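1. Show me the folded form of this:
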Amino acid sequence: MAKLNVQTTFNPDKEKTIAELADKMGLKIKLPCDGKGKCGKCHVQIVSGKVEDPTKEEQKLLKKSELEDGIRLACCAVPKGDVTISLKTKK
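-> Reported below is the predicted structural model:
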């Protein structure tokens with residue numbers, strides 16, 4: 001199965017997570033745990049821009065190397081300004 005790389009830019013909106021902002025834009029990110037930060041499956045990569053520091057949930061569910069590479073959980077990461085993310089979706 002081929003993978004499609006999707007990139008999009010978000011503008012901050014009153015402490016909303018990347019998943020909430022994506023939903024508002026009509027971009028659906030799979031949230032198996034309904035966005036509660038429990039499953040660790042809604043990986044996105046921060047391509048540019050800044051997000052709030054990793055939450056305790058992200059620190060538990062993501063490897064240090066993933067965090068260093070800009071991998072975050074869409075249900076936890078809150079943009080501090082314009083943020084461009086990349087996500088892999090199955091085609």
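2. Could I get the full set of helices for the protein?
-> Assigned by DSSP state H, the helices in the chain fall at 18-24, 56-61, 64-68.
3. Arg72 contacts Val51, doesn't it?
-> Yes. Counting by Cβ atoms under 8 Å, Val51 is a contact partner of Arg72 at 6.3 Å. Placement of C-beta: from N, CA and C, glycine included.
4. ok, these two, which is more surrounded?
-> Remark: of Arg72 and Val51, Arg72 carries more neighbours, 26 against 21, as counted by other Cβ atoms under 10 Å.
5. got a list of what the residue nearest to Glu57 when sequence neighbours are not counted touches?
-> Closest residue to Glu57 apart from its sequence neighbours, by Cβ to Cβ, 6 or more residues apart in numbering: Gly37 at 3.5 Å. Applying Cβ atoms under 8 Å, 6 or more residues apart in numbering to Gly37 gives the contacts 55, 57-58, 61, 73, 75-76.
6. What separation is there between Gly37 and Lys56?
-> 9 Å (Cβ to Cβ, to the nearest Å).
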